[in-house]
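**Student:** just coords:
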């Protein structure tokens with residue numbers, strides 16, 4: 001049975017909420033491991049490499065289900081509102097991975113290397 005427009009809108013809202021929760025866990029990882037070697041050095045280098053530029057994080061199942069543009073500043077990931085036609089490098093995240101991070105935040109807070117930080121190296 002095909003989904004109704006209302007069901008699709010609700011699914012999109014849930015997918016966006018999942019991505020928001022993922023970003024909150026990532027920020028908690030940054031906060032709890034701020035002075036921990038080598039993570040603080042990696043995050044500092046990533047912040048310098050991005051130099052205020054944004055990266056688009058896109059969650060994929062079989063197709064893209066949620067996306068947002070983010071930057072890292074002052075050891076915090078922030079969403080950025082930008083025109084969709086303004087190019088930004090994209091980092092694909094699997095829906096299964098994002099769901100696992102959200103479902104088991106303590107595992108990722110304890111071991112920050114489990115988070116996919118590759119987007120810190122993306123350039124335009």
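**Tutor:** Now that the structure is in, tell me what you want to look at. These numbers come from a predicted model, not from an experiment.
**Student:** give me the buried positions along the longest strand anywhere in the chain.
**Tutor:** Longest strand of the chain, by residue count under DSSP state E: strand 64-73. Buried positions in strand 64-73, judged by neighbour count with 16 or more other CB atoms under 10 Å: 65-72. C-beta: built from backbone N, CA, C; applies to glycine.
**Student:** contacting residues for residue 40?
**Tutor:** 33-34, 75 (CB atoms under 8 Å, 6 or more residues apart in numbering).
**Student:** again, only using 6 Å
**Tutor:** residue 34 (CB atoms under 6 Å, 6 or more residues apart in numbering).
**Student:** now it: which helix or strand?
**Tutor:** Assigned by DSSP states H and E, residue 40 belongs to helix 39-50.
**Student:** ok, now residue 78?
**Tutor:** strand 76-80.
**Student:** just residue 91 next, same as before
**Tutor:** With DSSP H and E as criterion, residue 91 is part of strand 90-94.
**Student:** could you figure out how far that strand is turned away from strand 64-73?
**Tutor:** Taking axes from the mean of the first three to the mean of the last three CA atoms, to 10 degrees, one finds that strand 90-94 is oriented at 120 degrees with respect to strand 64-73.
**Student:** for the strand holding residue 78, which outside residues touch it?
**Tutor:** By CB under 6 Å, 6+ apart, strand 76-80 touches 23, 26-27, 54, 68-71.
**Student:** make it 10 Å
**Tutor:** Contacts to strand 76-80, defined as CB atoms under 10 Å, 6 or more residues apart in numbering, come from residues 19-20, 22-24, 26-27, 29-31, 43, 47, 52-57, 68-73, 88, 119-120.
**Student:** now do the longest strand of the chain: distance to the chain's middle.
**Tutor:** 6 Å (CA atoms, centre = their mean, to the nearest Å).
**Student:** kindly report the same for stretch 27-36.
**Tutor:** 15 Å.
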